[in-house]
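Asks: My questions are about this predicted structure, shown below with the sequence.
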Amino acid sequence: MPKILLLCLLVLITACGQKPAFQSQLEEVFPPVPLRYSVLNRVNALPITPDYFRDRWTLVLFGLADCAPDCQTRLQLANRQQSVQALFVVQDLADFTVLNRLAAAYPEVAISMAGTAALADNFQGQFKVESITEDDPAAYFYLVNPQAELEYVLAADGLRPTDLEQELRQLIEG
């Protein structure tokens, strides 16, 4: 009997020391949603059309111009990603000083804002996935495939940098 107990203890210790297998948190949008609206302008005044998304995966995130700490954390995560291009969409109206400050702080992220509330609603509406997302688009990362279609949604809350990197690596390489 003591041998069985020792064997069980050994199995438990070995299992506890192993890292758990990575579990993807990506939610697939099926069928993918083609992006049609091209109303946003980047800080450099170049339009963001559906062509902007072509040929490369794009990580899209939304937030307010004042960019609270949770927004800054998401922008830092996006800024670190080299396997995808990143786009931050400012949901409210801001002057170019604020936009330029964000662009300087996160140089690897395209900073965008719509000119009017109606244009912003049209663009943002493409990312609303009833079965997956809540009312707050800032709570998610959105992944647009190289054919300019929204294909995956990833909850941002509690996401660590290594988790996001692993999600993107599996998506792009896998």
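Replies: Now that the structure is in, tell me what you want to look at. Source: prediction; values computed, not measured.
Asks: mind checking how far stretch 36-53 is from the chain centre?
Replies: How far stretch 36-53 lies from its chain's middle: 18 Å, per Cα atoms, centre = their mean, to the nearest Å.
Asks: From here on, call the first residue 92.
Replies: Let's use 92 as the start, then, which means that last one is stretch 127-144.
Asks: what about it, average pLDDT?
Replies: Stretch 127-144 shows a mean pLDDT of 77.
Asks: Pull the residues that contact that stretch.
Replies: Stretch 127-144 has contacts (Cβ atoms under 8 Å, 6 or more residues apart in numbering) with 125-126, 149, 178, 180, 187, 190-191, 193-194, 201-206, 210-211, 213-214, 216-217, 235-237, 239. The way it works is simple: take the backbone N, C-alpha and C, and place the C-beta from them, glycine included.
Asks: And these, which of them are buried?
Replies: Buried by 16 or more other Cβ atoms under 10 Å: 126, 149, 178, 180, 190, 193-194, 201-205, 210-211, 213-214, 217, 235-236, 239, out of the contacts of stretch 127-144.
Asks: Let's verify the nearest residue to Ala185 once chain neighbours are set aside: helix, strand, or coil?
Replies: Take Ala185 and drop its neighbours on the chain: the residue closest to it by Cβ to Cβ, 6 or more residues apart in numbering is Ala156, 3.4 Å away. Classification of Ala156 using DSSP: H, G, I helix; E, B strand; the rest coil returns coil.
Asks: pretty sure Ala156 is touching Thr188, no?
Replies: No - in this structure, Ala156 is not within contact of Thr188 by Cβ atoms under 8 Å, at 10.1 Å.
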